[in-house]
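Visitor: Below are the sequence and a predicted model; questions follow.
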Amino acid sequence: MNSSLTASPSKKLVFGLPIALIWGYIAIAFFMTGDGIEQAFLSKYIVDLGFSTQQASLVFTVYGLTVAVASWFSGVLAEITGPRRTMIIGFVLWIIFHIGFLTFGLEQKNYAMMLIMYGIRGVAYPMFIYAFVVWIAYAAPKQRLASAMGWFWCMYSVGVGVFGTYLPSFSIPAIGFMGTLWSAILFIAIGGLMAMFLIKDDFNSYKENTTNEGPLRELLRGITIAKNPQIVIASAVRIINQISLFGFVVILPIVFTEQIGFTMSEWLRIWGAVYATTIFTNLMWGILGDKLGWVRQVRWFGCIGMAIATLMFYYLPISFGPNIWVGLFVAIFFGFAIAAFVPMSAIFPTLEPSHKGAAVSMHNLSAGLSNFVGPAIVTAVVPIAGVEGAIWTLTILYIVGFILTFFMKVDQNISKSATDDNQSIEIAH
């Protein structure tokens, strides 16, 4: 994103939320409800169709790779073509390839088409959400940008984690897996149409004195900025951030329902508790990070917290059986730990204060790669060492992240605006 973002002082905010973009925030909640509706049961359904756990993992791995690439270029594309147009393209692509995934892939039990259609669909959701992030960055006053971004990530979590996870626990018993997957289109369409017609804010009014050369230069800097070793270290830690989150959606639905004995509805409610927790902990850790220190919080509460949470999420339910209260406890603990990585979104632009846009692009790429690396680890390790081996591999990587933080040299006071402008509060997607 352009580092010289400005906002009109006439824009009204309520508790940090830009009123001109309120329909966009609501659109994000609807869109992410549709996009997240299958995340906690799709791997189990693919296995039920007769495919192996490894084949289900590969579907998520390919999806994660396309998400990573799209996460990197979507922000710059939004600056070049405009956020509204980018969001429209994203929601149209999502519907087209989701229909292809259901009709040519799942219904026909055609594994190749499942990989292709679901993989290409992975391009769509970053285009929709990261384009709106760019819009917020321009529309919100600098001194309130963190609050504006906090509202964004709250709506994201409400969609993907609360409604997207809890709705299937009721819809699957009523209309089945495929019916639930088809219903996702309704939520995507509502979100897309809101972005198309209801957001009245004019993005072009923020860019009267800019040209397309700036975003193109930022696109190139998004590659060359990797020469900064501190950016490389931060990227590694950011990738590690969510590897359990995305790895777990591949293996835990099967473990919890087939090995431990939870029903699918119970599992969905347990997984939904992770995201329900992050709605509040994202905001909490965002405030505490400024007081505790960004790197210190990531090191002890993020990396060590997630190492403990990853082990607990497997071993406690295995030990206690299908006890819903134990399941909810580990989910809530997991939600507290993963949100402690919130300061990473402030660390990146602080490391490159002269090229904040390129730094944010690297942050987005790293976030997307987490979506790829988690399922990839599961795909590679489970055939060799089983589910338990995958759990320990993920845990060890969090210890690696803990060690890497000692090499991160971040001057948190380098610029007060680094916190105000760039600390986007997130589950760290």
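Guide: Sure, I can see it. Model, not experiment: these values are computed from the prediction.

Visitor: so the residue nearest to Gly261 when sequence neighbours are not counted, which of the three states?
Guide: Leaving out its chain neighbours, the residue that sits closest to Gly261 by C-beta to C-beta, 6 or more residues apart in numbering is Pro322, at 4.1 Å. C-beta: built from backbone N, CA, C; applies to glycine. At Pro322 the chain is in coil, as set by DSSP: H, G, I helix; E, B strand; the rest coil.

Visitor: so what's Pro322 up against?
Guide: Ile260, Gly261, Phe262, Glu266 (C-beta atoms under 8 Å, 6 or more residues apart in numbering).

Visitor: okay, now the last one: neighbour count?
Guide: Glu266 has 19 neighbours, counted by other C-beta atoms under 10 Å.

Visitor: Same check on the one 10 residues further on?
Guide: Taking other C-beta under 10 Å as the neighbour definition, Ala276 ends up with a count of 21.

Visitor: quick one: it and Ala339 touch, right?
Guide: No: using C-beta atoms under 8 Å as the test, Ala276 is too far from Ala339 to be in contact (11.7 Å).

Visitor: rewinding a little: from the contacts of Pro322, which ones fall inside helices?
Guide: In this view, the contacts of Pro322 that belong to helices under DSSP state H are Glu266.

Visitor: filter the contacts of Pro322 to the buried ones?
Guide: With neighbours counted by 16 or more other C-beta atoms under 10 Å, the contacts of Pro322 contain buried members at Ile260, Phe262, Glu266.

Visitor: Now that the second one has come up, it's in contact with Ile254, right?
Guide: No: no contact is recorded between Phe262 and Ile254 when judged using C-beta under 8 Å, the distance being 11.0 Å.

Visitor: Let me see the ranges of the strands in this protein.
Guide: Ranges of strands within the chain are 13-14, 17-18, based on DSSP state E.

Visitor: What average pLDDT does the first one get?
Guide: For strand 13-14, the per-residue pLDDT values average out at 62.

Visitor: again with the last one
Guide: Within the predicted structure, the mean pLDDT of strand 17-18 is 70.

Visitor: For it, name the packing helices and strands.
Guide: helix 145-157 (3 or more C-beta pairs under 8 Å, 6 or more residues apart in numbering; DSSP states H and E).

Visitor: what about the lengthiest helix in the chain, average pLDDT?
Guide: Using DSSP H to define each element, the chain has its longest helix at helix 356-404. Mean per-residue pLDDT for helix 356-404: 89.

Visitor: Show me what that helix packs onto, helices and strands only.
Guide: Looks like helix 356-404 contacts helix 53-81, helix 124-139, helix 213-224, helix 229-241, helix 243-254, helix 305-320, helix 344-351, helix 416-422 (3+ C-beta pairs under 8 Å, 6+ apart).

Visitor: Any chance of a markdown table for these, columns distance to Ser171, mean neighbour count and mean pLDDT?
Guide: Shown next, in a markdown table, are the helices and strands packed on helix 356-404 (distance: least, C-beta to C-beta, whole Å; neighbours: other C-beta atoms under 10 Å; pLDDT from 0 to 100):
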| stretch | distance to Ser171 | mean neighbour count | mean pLDDT |
| --- | --- | --- | --- |
| helix 53-81 | 21 | 23 | 84 |
| helix 124-139 | 20 | 27 | 82 |
| helix 213-224 | 40 | 16 | 64 |
| helix 229-241 | 30 | 21 | 95 |
| helix 243-254 | 16 | 25 | 92 |
| helix 305-320 | 24 | 20 | 98 |
| helix 344-351 | 33 | 26 | 78 |
| helix 416-422 | 38 | 19 | 42 |
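
Visitor: Ok, which of the ones you listed comes nearest Gly335?
Guide: helix 305-320 (8.7 Å; C-beta to C-beta).

Visitor: For that closest one, name the packing helices and strands.
Guide: Using 3+ C-beta pairs under 8 Å, 6+ apart, helix 305-320 sits against helix 243-254, helix 324-338, helix 356-404.

Visitor: most packed of those?
Guide: helix 243-254 (a mean of 25; mean count of other C-beta atoms under 10 Å).

Visitor: For that helix, report the contacting residues that lie outside it.
Guide: The contact list for helix 243-254 (C-beta under 8 Å, 6+ apart) reads 39-44, 47, 53, 56-57, 60, 64, 264, 267, 271, 274, 306, 309-310, 313-314, 334, 338, 370-375, 377-379, 382, 387, 390, 394, 397-398, 427.

Visitor: for stretch 374-385, same thing?
Guide: 53-54, 57-58, 60-61, 63-64, 242-251, 389-390, 392-394, 397.
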